[in-house]
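Asker: Quick one: sequence plus predicted model below, questions after.
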Amino acid sequence: MTTLPMAVPAPGLPARVRIHEVGARDGLQNEKTTVPTDVKAEFVRRLADAGLTTIEATSFVHPKWVPQLADAEQLFPLVSDLDVALPVLVPNERGLDRALALGARGVAVFASATESFAKANLNRTVDEALAMFEPVVARARAEDVRVRGYLSMCFGDPWEGAVPVEQVVRVCRALLDMGCHELSLGDTIGVATPGHVRALLTALNEQGVPTDALGVHFHDTYGQALANTLAALQHGVTTVDASAGGLGGCPYAKSATGNLATEDLVWMLRGLGIDTGVDLGRLVATSEWMASHLGRPSPSRTVRALAASTQPHKEQ
């Protein structure tokens, strides 16, 4: 039996949160060794069985840039029968072609709020990257495919430091205007704090970006991911990105540690009486299973705590 926190609802919070699970893509793309395709497929299936309804499956980026996800064409058909949303990352029209050919019904583009990261990640300026995404978004929408816009470096950049709020708002507005259905605000190097989160969300609203079009994507570099998530929930955000077991970082930002662990997020939300539809016991078992394949323990505090609580007590 899985230990669960006592549910004590707090005023002003949403009744339900949709977790956008990124472990199979954002998590595994940062592994030094390539995970076998059948293991990735089983990972996605186990995540679905745990109750996650949005699981980012893979990325159709050129294998030269992300060799860990070079098997996208082989993986997607192995999981496409699942009754969950399986969005995939597409960097350009070629990536979109590959995704559409396999029947993907949700795609994501990956933009940057800063010039330095746009150059490091896409070898383009911010505006050149946006221009590259325009035909991708237009074609996806014409195919009735949902489009998510990831925006990295929303709170800080390893080369540029703190990122002005108005700079982030400009790129968010551009992504929405070109047709993205949803934006994911990324704290790529984990430097955000709750006040900064509230300030950005408020500024976005003031420029006509509705809260229900926003998701948040926090990294736990400085231990702030859950605090920042709570600030976003208090603002009305109901979509939170997380990675099973806390897998992942960012290959182009060396100071970035892992994503917010899905188990840690579910533990907090359960304690606040917020519904996610996720079975924490099954999710923990899934992350322990994947950790065994990766050859190291899960960085998720909740996974470690629950695993320890099931170990037999040793007398001193």
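Answerer: Cool, got the structure.

Asker: which SS class is Lys119?
Answerer: Under DSSP: H, G, I helix; E, B strand; the rest coil, the three-state class of Lys119 is helix.

Asker: I'd say it and Thr125 touch.
Answerer: Yes: under the criterion of CB atoms under 8 Å, Lys119 makes contact with Thr125 at 7.3 Å. Heads up, the C-betas are built off the backbone N, CA and C, glycines and all.

Asker: From the structure, what's the count of residues near the closest residue to Ala72 other than its chain neighbours?
Answerer: Sequence neighbours aside, Thr58 is the residue nearest to Ala72 in space, at 4.4 Å (criterion: CB to CB, 6 or more residues apart in numbering). Per other CB atoms under 10 Å, the neighbour tally for Thr58 reads 30.

Asker: which residues does Thr58 contact?
Answerer: The contact partners of Thr58, by CB atoms under 8 Å, 6 or more residues apart in numbering, come to Ala24, Arg25, Lys40, Leu69, Asp71, Ala72, Leu75, Phe76, Val88, Leu89.

Asker: what stretches of this protein score poorly on pLDDT?
Answerer: For the chain, the stretches with pLDDT under 70 are 1, 249-257, 310-316.

Asker: residue ranges for the helices of it, please.
Answerer: Listed in chain order, the helices found in the chain under DSSP state H are 37-49, 72-79, 93-101, 115-122, 126-142, 165-178, 194-206, 225-235, 262-271, 280-294, 301-309.

Asker: Which of those sits closest to Phe155?
Answerer: Checking these against Phe155 by CB to CB gives helix 194-206 as the closest, at 5.7 Å.

Asker: From the contact counts, what lies against that closest one?
Answerer: helix 165-178, strand 214-218, helix 225-235 (3 or more CB pairs under 8 Å, 6 or more residues apart in numbering; DSSP states H and E).

Asker: Just give the closest residue to Leu200, not the sequence neighbours.
Answerer: In space, Leu200 is closest to Val165, 5.4 Å off (CB to CB, 6+ apart).

Asker: Surely that neighbour is in contact with Ala203?
Answerer: Yes: proximity of Val165 to Ala203 meets the contact threshold set by CB under 8 Å, at 4.9 Å.

Asker: Looking at the helices of the chain, which one is packed in the most?
Answerer: helix 262-271 (a mean of 24; mean count of other CB atoms under 10 Å).

Asker: That one to helix 280-294, inter-axis angle?
Answerer: Per axes from the mean of the first three to the mean of the last three CA atoms, to 10 degrees, the angle that helix 262-271 makes with helix 280-294 is 170 degrees.

Asker: Can I get helix 262-271 in CSV, CA atoms only?
Answerer: In CSV, the C-alpha atoms belonging to helix 262-271 read as follows (Å, rounded to 0.1, in the frame of the first residue of the first chain):
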residue,chain,number,x,y,z
THR,A,262,6.1,13.9,-11.6
GLU,A,263,5.9,12.0,-8.3
ASP,A,264,6.9,15.0,-6.3
LEU,A,265,4.3,17.1,-8.1
VAL,A,266,1.6,14.4,-7.6
TRP,A,267,2.4,14.2,-3.8
MET,A,268,1.9,18.0,-3.4
LEU,A,269,-1.3,18.0,-5.5
ARG,A,270,-2.7,15.1,-3.6
GLY,A,271,-2.0,16.9,-0.3
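
Asker: got a list of contacts for it?
Answerer: Contacts for helix 262-271 (CB under 8 Å, 6+ apart): 4-8, 17, 19, 21, 23, 52, 225-226, 229-230, 240, 242-246, 275-276, 278, 280, 283-284, 287, 300-303, 306.

Asker: got it, and stretch 119-134?
Answerer: For stretch 119-134, using CB under 8 Å, 6+ apart, the contacting residues are 91-92, 109-115, 118, 149, 152, 159, 171, 174-175, 178, 252-253.

Asker: Now Pro5: closest residue in space that isn't a chain neighbour?
Answerer: Using CB to CB, 6+ apart, the closest residue to Pro5 is Gly271 (3.8 Å).

Asker: What's the separation between that neighbour and Asn123?
Answerer: Using CB to CB, to the nearest Å, one gets 44 Å for the distance from Gly271 to Asn123.

Asker: Could you do Leu78 as well?
Answerer: Note on Leu78: its distance to Asn123, by CB to CB, is 32 Å.

Asker: re the thing from before, which one of the contacts of Thr58 is nearest Glu143?
Answerer: Closest to Glu143, out of all of these and judged by CB to CB, is Val88, at 13.5 Å.

Asker: Could you report the neighbour count for the closest one?
Answerer: Val88: 25 neighbours (other CB under 10 Å).
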